[in-house]
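Engineer: sequence isn't available, so here's the structure alone:
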Ligand code: ADP
């Protein structure tokens with residue numbers, strides 16, 4: 001779905017924000033793009049959306065070069081920016097105006113998603129809604145476009161806890177084999193039980209790009225009262241129930257991925273975790 005090769009980008013001369021990223025993103029999954037604030041996630045997403053132009057390198061999305069912004073590409077991509085502005089108009093009119101760009105847009109789906117977000121008044125003026133509600137309207141719109149690629153930059157920012165749960169449910173309900181969703185966040189916990197694969201961005205590059213299955217086949221996520229006798233612990237954190245830990249999954253045990261623990265572990269033990277994950281990548 002997405003192939004990126006040797007991508008470089010800087011806003012100002014001599015200050016690379018993205019320095020030689022090469023990356024493959026598979027179709028049909030929900031991919032999380034995680035990284036600290038200001039690390040370059042939005043920049044990378046904007047390059048994918050054709051909203052910024054690379055200094056060098058290539059991006060291929062469904063056979064298109066995003067920077068050319070061809071109609072065929074724009075019809076298949078929906079981009080939710082972290083910050084956005086809306087015009088003074090009703091939800092109804094917003095949909096009428098914008099849906100024309102997307103050949104597979106479904107008004108029925110849009111109003112169903114809105115209902116799931118508990119937004120019932122189609123006549124409300126978008127401009128007067130809270131930031132979180134505006135965001136929900138735009139997410140519902142994005143899903144109803146049935147574009148093959150959805151790029152959501154910090155979609156959970158500004159949503160309260162019940163709305164985050166609705167968001168998760170709606171996204172999962174809207175997924176199918178033809179849809180690919182990339183969700184960026186610096187609030188790693190928000191993507192728990194939502195994403196199928198994890199990209200972690202570090203200074204100017206992608207540190208990790210692995211599916212949850214790959215991660216769990218190579219790393220074991222456990223919890224024990226006392227971990228002093230355990231060997232090969234790569235990372236641990238105290239919690240109410242004991243010590244949460246990650247170790248190499250040498251015995252091929254099943255465990256559940258804890259994104260937050262994994263994220264913290266990666267930054268604590270970069271070299272070793274990267275090494276383990278890149279061993280026999282497809283095993
Ligand atoms: P993230 O999405 O991970 O928070 P960004 O991609 O927004 O990170 O920003 C990456 C870096 O690029 C930051 O240092 C930020 O200050 C800088 N940056 C972002 N936008 C611009 C811009 N329009 N002009 C100059 N620098 C920018």
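Structural biologist: Ah, there it is. Since the model is a prediction, treat every value here as computed from it, not as a measurement. Residues are numbered from 1 along each chain as shown.
Engineer: any idea which helix or strand carries the residue nearest to residue 5 when sequence neighbours are not counted?
Structural biologist: The shortest distance from residue 5 to any residue other than its chain neighbours is 4.8 Å, reached at residue 58 (CB to CB, 6 or more residues apart in numbering). To be clear about C-beta, it is placed using only N, CA and C from the backbone, and glycine gets the same treatment. With the criterion set as DSSP states H and E, the secondary-structure element containing residue 58 is strand 56-61.
Engineer: same check, this time on residue 24
Structural biologist: Residue 24 belongs to strand 15-25 when elements are defined using DSSP H and E.
Engineer: partner strands of that strand, parallel or antiparallel?
Structural biologist: Strand 15-25 has these partner strands in its sheet, going by DSSP bridges: strand 2-12 (antiparallel).
Engineer: what about the strands in the stretch 51-200 of the chain?
Structural biologist: In the stretch 51-200 of the chain, the strands defined using DSSP state E, counting those that start in this stretch lie at 56-61, 77-80, 149-153, 180-185, 197-202.
Engineer: and the contacts of the second one?
Structural biologist: Right, strand 77-80. Residues from elsewhere that reach strand 77-80 (CB atoms under 8 Å, 6 or more residues apart in numbering): 45, 49, 51, 61, 66, 102, 135, 138-139, 142, 145, 147-153, 155.
Engineer: is any part of it close to the ligand?
Structural biologist: No: legend: contact between strand 77-80 and the ligand by CB under 6 Å from any ligand atom is lacking; minimum distance shown is 13.1 Å.
Engineer: all helices for the chain, in order.
Structural biologist: Taking DSSP state H, the helices of the chain run over residues 41-48, 71-74, 91-99, 107-116, 131-145, 161-174, 212-218, 259-268, 270-278.
Engineer: buried residues in the second one?
Structural biologist: What it means is helix 71-74. The neighbour-count criterion (16 or more other CB atoms under 10 Å) identifies 73-74 as the buried residues of helix 71-74.
Engineer: and it, average pLDDT?
Structural biologist: Helix 71-74 shows a mean pLDDT of 96.
Engineer: please identify the buried residues of stretch 212-230?
Structural biologist: Judged by neighbour count (16+ other CB under 10 Å), stretch 212-230 contains these buried residues: 212, 214-223, 227.
Engineer: in the residues you listed, find the pair that's most separated.
Structural biologist: Taking CB to CB as the measure, the buried residues of stretch 212-230 reach their widest spread between 214 and 227, a distance of 24.3 Å.
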